[in-house]
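**Q** just a sequence and a predicted model for now, questions to come.
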Amino acid sequence: MQSREQIANKVLQETGAIFVHPYNDARILSGQGTISLEILEQAPQIDTLVVPISGGGLISGIALAAKSINPAIRIFAAEPKGADDAAQSKVARRIITLAETNTIADGLRAFLGDFTWPVVRDLVEEVITVEDSEIIKAMKLCFEILKVVVEPSGAIGLAAVLSDTFQKNPAWKDCKHIGIVVSGGNVDLGILWNSLNK
């Protein structure tokens, strides 16, 4: 993250370009919110959305738009246990950053920003954490049943819904029509095969 920010700052200084933060920016949230518009237009009966979380841009945009359409809709975040800063932040009621992360879901290693945190804090019901092995099983289901190539970070929502944490929680038994955001096809097949063979 630090090297990316340094390089971005250098490009800004050299070119006069405008920086758009990849998640901690209102323009990003607005764009991500269109996902809710499309989902709820096509399936208005959805009462629950499960979304991957990292820096919070995707889930914040989705939550803001979905709640404006249906204030009763439930929003859950899905996060790997090896990078569970959002789950820890929800419990602590403040932004927590981790000294290191360790997960196959490499797209979910960023930390919440000051712009996304209030949305996550107030509109996301809970963060469901899952093990990498559960993410790999969800990817396998996507490959075999849906015939869709999805990266670990994108398959985590399915892993969360299939997890015992979600399935066995009596508070969530009324989640009947669940929308899961599955995104991203950036899969390093070498790493994936190694993970599947463990």
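**A** Structure's in. What do you need? Numbering: from 1, shown residues only.
**Q** which strands or helices does the helix or strand containing Lys140 pack on?
**A** Here Lys140 is covered by helix 132-141, with elements defined by DSSP states H and E. In terms of contacts (3 or more CB pairs under 8 Å, 6 or more residues apart in numbering; DSSP states H and E), helix 132-141 is packed against helix 152-162, helix 189-196. From N, CA and C alone the C-beta is placed, and that goes for glycine too.
**Q** so what's the residue most central in space within the chain up against?
**A** Centroid-nearest residue in the chain, with CA atoms, centre = their mean: Pro52, separated by 1.6 Å. Pro52 makes contact with 58-59, 77-79, 105, 107-108, 153-154, 156-157, 181, 183, according to CB atoms under 8 Å, 6 or more residues apart in numbering.
**Q** helices or strands up against the strand ranked longest in the chain?
**A** The residue-count maximum for a strand in the chain (DSSP state E) belongs to strand 74-80. Contacts defined by 3+ CB pairs under 8 Å, 6+ apart place strand 74-80 against strand 48-52, helix 57-69, helix 85-92, strand 126-130, helix 152-162.
**Q** which outside residues touch it?
**A** With CB under 8 Å, 6+ apart, strand 74-80 has contacts from 47-54, 59, 62-63, 66-67, 85-87, 103-105, 108, 120, 123-132, 135, 152, 156-157, 159-160, 166, 172, 175.
**Q** same question, stretch 10-24
**A** Contacts of stretch 10-24 (CB under 8 Å, 6+ apart): 8, 27-28, 54-58, 60, 110, 113-116.
**Q** and that stretch, C-alpha only, in PDB?
**A** Extracted in PDB, the C-alpha atoms of stretch 10-24 (Å, rounded to 0.1, in the frame of the first residue of the first chain):
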ATOM      1  CA  LYS A  10       4.900  11.000  -7.800                       C
ATOM      2  CA  VAL A  11       2.600  10.700 -10.800                       C
ATOM      3  CA  LEU A  12       0.300  13.400  -9.500                       C
ATOM      4  CA  GLN A  13       3.200  15.800  -9.000                       C
ATOM      5  CA  GLU A  14       4.700  15.100 -12.400                       C
ATOM      6  CA  THR A  15       1.500  15.200 -14.400                       C
ATOM      7  CA  GLY A  16      -1.000  17.300 -12.400                       C
ATOM      8  CA  ALA A  17      -3.400  14.400 -12.600                       C
ATOM      9  CA  ILE A  18      -6.300  14.100 -10.100                       C
ATOM     10  CA  PHE A  19      -6.200  11.200  -7.600                       C
ATOM     11  CA  VAL A  20      -9.300   9.100  -7.100                       C
ATOM     12  CA  HIS A  21      -8.800   6.800  -4.100                       C
ATOM     13  CA  PRO A  22      -9.700   3.200  -5.000                       C
ATOM     14  CA  TYR A  23     -12.300   3.000  -2.100                       C
ATOM     15  CA  ASN A  24     -12.200   6.000   0.200                       C
END
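**Q** and it, how far from the chain's centre?
**A** 24 Å (CA atoms, centre = their mean, to the nearest Å).
**Q** list the buried ones in that stretch?
**A** Under the neighbour-count criterion of 16 or more other CB atoms under 10 Å, stretch 10-24 has His21, Tyr23, Asn24 buried.
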